[in-house]
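Asker: Structure of the sequence below:
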Amino acid sequence: MSKIIAIIPARYNSTRFPGKVLKKIGDNTILELVYHKVRQAKTIDEIIIATDDQKIIEVASSFGAHAEMTFSTHKSGTDRCAQVSREFWEDDIIINIQGDEPFIKPEIIDSLALKMKDDNWIEIATLCTKIDIHSEISDPNTVKIVKDIYSKALYFSRSTIPYYREKETEKLFFKHIGIYAYRNKILQSITVLKESPLEKAEKLEQLRWMENGYKIHAFETEYDGFGIDTEEDLEKARKKYIS
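Answerer: From the prediction side, this is the model:
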């Protein structure tokens, strides 16, 4: 029987905010908060922190987590997940949970895992949510997604999609929530693909997978992700944690 393995990529040398996963919110590091949220998920059989730095290995060990060193040359969390998963069975389900999402909800991890278990033809799954904040619609840092009636992603973009030609049309936009679930054999396949034209244009690795024919299912959730990419994000997270 396939296992469900949660992998938390935790890069120390983040371009915009180095060492962010070791910053504290309350008494705990961001990484520890993420780890304990994942531990609360009921479907997970194993949790691994995939990192590029010995400091993160040591911090993870201090709160009882298993961490593995990965190559510093990896360009994405997906690549770290693939390296850690190489020895796992090809039908194991790998869930990639970002190490900078301290408010991730255990129930959405479970919902994604169960989607993968219940529908064994799904190759890759992720989440999306309705955009309620108008400024996010045109914000290139908010990745938008359009999907078909079967929840298969049609396209991801930093641009505003879809374009509503008639102004009076009721508008509905979805943004991507950065959590992925893959079957291990698919994960190993997508990480050896060459960078694609659409990926180069948008700087979104999931477009490489789609350009090569892989299907991504994007299921709707009410969870509105909170990733920490800057010092300002960290201060917002600290205020949110206290409130």
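Asker: Return the backbone torsion pair for residue 104.
Answerer: Per-residue torsions, residue 104: phi -60, psi 140 (degrees, to the nearest 10).
Asker: how close does it get to residue 45?
Answerer: Counting by C-beta to C-beta, to the nearest Å, the separation of residue 104 from residue 45 is 18 Å. Where C-beta positions appear, they are placed from N, C-alpha and C, glycine not excepted.
Asker: which helices and strands sit right next to the lowest-mean-pLDDT helix or strand in the chain?
Answerer: Among the helices and strands of the chain, helix 231-242 carries the lowest confidence by mean pLDDT, DSSP states H and E, at a mean of 91. On a contact count with 3 or more C-beta pairs under 8 Å, 6 or more residues apart in numbering; DSSP states H and E, helix 231-242 meets strand 24-25.
Asker: And the helices in this structure, which stretches?
Answerer: Applying DSSP state H to the chain gives helices spanning 30-39, 54-62, 77-85, 106-118, 134-137, 184-190, 197-202, 205-211, 231-242.
Asker: Now do the fourth one: which elements does it pack against?
Answerer: Helices and strands touching helix 106-118, by 3+ C-beta pairs under 8 Å, 6+ apart, are strand 4-10, helix 30-39, strand 93-97, strand 124-130, strand 174-183, strand 216-220.
Asker: pLDDT below threshold where in the protein?
Answerer: Applying pLDDT under 70 to the chain flags residues 243.
Asker: ok, residue 238 - how many residues close by?
Answerer: 15 (other C-beta atoms under 10 Å).
Asker: The nearest residue to it once chain neighbours are set aside bridge partners, please.
Answerer: Residue nearest to residue 238 in three dimensions, not counting chain neighbours: residue 25, with 5.4 Å by C-beta to C-beta, 6 or more residues apart in numbering. On the basis of DSSP bridges, residue 25 is bridged to residue 28.
Asker: Compare residue 104 and residue 45 (neighbour count), which wins?
Answerer: Ranked by neighbour count (other C-beta under 10 Å), residue 104 and residue 45 place residue 104 first, with 25 against 13.
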